[in-house]
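> Here's my sequence, what's the structure:
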Amino acid sequence: MQRIARVAAATFLVVGGGIHLNLWRGGYRGIRYIGPLFLANVAVSALLVLALLIRPDARVAAAGILFSVGSAGALLMSRTTGILGFTERAWTDMAVQATTAEIGAVVAIAFMLVAGARPVPVPLPERSGRRG
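Modelled structure (predicted):
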């Protein structure tokens, strides 16, 4: 189950990074601050995918969750209060897909962590054969 969750998390990160790359190519590259941050999102997504697939550990999982939550938060800010002087009101298909990918990554990484947790053995009380 942990492997399935890890592959799902990597897939969601690839989708999110791909959406940011597509938007960057489609014109976001010309937006001050936002363009470079979209490209950084693509790069960090790729690095996290590699890290999740090659060496999944708690630090990589935490980085993946923080990255995805931050990405979703930035998207939400861009649709409400604005971020770095950029505001966009429409919830386009790509915005919805990116939000879904970010939430999916968080859920999959969390599931990966839970599935990989090893149960702690609990000693059972000793029972004597005598009744008291």
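> average model confidence for stretch 6-19?
Rounded to a whole number, the mean pLDDT of stretch 6-19 is 95.
> Now do the buried residues in that stretch.
Of the residues in stretch 6-19, Arg6, Ala8, Ala9, Ala10, Phe12, Leu13, Val14, Val15, Gly16, Gly17, Gly18, Ile19 count as buried by neighbour count, 16 or more other C-beta atoms under 10 Å. Any C-beta I mention is one placed from the backbone N, CA and C, and that applies to glycine too.
> which residues sit against the helix or strand hosting the fifth one?
Secondary-structure element containing Phe12, defined by DSSP states H and E: helix 2-25. Contacts with helix 2-25, where a contact means C-beta atoms under 8 Å, 6 or more residues apart in numbering, come from 35, 38-39, 41-42, 44-46, 48-49, 52-53, 56, 64, 68, 71, 94, 97-98, 101-102, 104-105, 108-109, 111-112, 115-116.
> mind exporting stretch 87-96 as PDB, just the C-alpha atoms?
Output of stretch 87-96 as PDB, limited to C-alpha atoms (Å, rounded to 0.1, in the frame of the first residue of the first chain):
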ATOM      1  CA  THR A  87      -4.900  38.700  -8.700                       C
ATOM      2  CA  GLU A  88      -7.000  36.400 -10.900                       C
ATOM      3  CA  ARG A  89     -10.700  36.000 -10.100                       C
ATOM      4  CA  ALA A  90     -11.700  33.200 -12.400                       C
ATOM      5  CA  TRP A  91     -11.500  29.500 -11.300                       C
ATOM      6  CA  THR A  92     -10.400  28.100 -14.600                       C
ATOM      7  CA  ASP A  93     -10.200  24.400 -15.400                       C
ATOM      8  CA  MET A  94      -6.500  24.500 -14.800                       C
ATOM      9  CA  ALA A  95      -6.900  26.200 -11.400                       C
ATOM     10  CA  VAL A  96      -9.300  23.500 -10.400                       C
END
